[in-house]
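Undergrad: Below are the sequence and a predicted model; questions follow.
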Amino acid sequence: MIRRVLRQLSGKNAVLKSATKLAEVDAAVAELGEISNLKLLTSVMHSYGRLKVPDRAVEVLNDARARGLRLNVWSYNAALAACATNGSLALELFDQMRISGLEPDFRSYRAVVEACAN
């Protein structure tokens, strides 16, 4: 059973990484339902960032947090990177990260600086 679940997650991760349209990512996310795996959560946020839809990336992160998923620096960094074109959203997310008790790393700072520069 565990192998079957891992195969399903791996397949969804591949779909997310190769998605070129917002509808493809949205369909994969809808099919997943609740995202309770940090690696998959990070893939979803990277996909939304690649498609330049930072609001959706932050929405997915906030939904996971509201459901009690324990987020880490990598989760926030994926969302921050997705905000590359929205400096104010990146700053809000950065504050949220710090308030949650997580220590930003160099990727966090780089993502915020890049977002504010755009």
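TA: Arrived safely, thanks for sending.

Undergrad: make it CA atoms for all contacts and neighbour counts henceforth
TA: Noted.

Undergrad: Number of residues surrounding A81?
TA: 25 (other Cα atoms under 10 Å).

Undergrad: ok, it touching G49?
TA: Yes. Here A81 lies in contact with G49, judged by Cα atoms under 8 Å, at a distance of 6.7 Å.

Undergrad: what about the strands in this protein?
TA: For the chain, applying DSSP state E gives no strands.

Undergrad: where in it is pLDDT low?
TA: 1-19 (pLDDT under 70).

Undergrad: Check the gap between M97 and D26 for me.
TA: Separation of M97 from D26 (Cα to Cα, to the nearest Å): 25 Å.

Undergrad: Which one's more surrounded, these two?
TA: Counted by other Cα under 10 Å, M97 and D26 do not tie: M97 has more neighbours, with 21 against 17.

Undergrad: Leaving out chain neighbours, which residue sits closest to the more buried one?
TA: Y76 (6.7 Å; Cα to Cα, 6 or more residues apart in numbering).

Undergrad: Tell me how many other residues crowd that neighbour.
TA: With other Cα under 10 Å as criterion, Y76 counts 24.

Undergrad: OK, contacts around it?
TA: Counting by Cα atoms under 8 Å, 6 or more residues apart in numbering, Y76 touches 61, 93-94, 97, 108.
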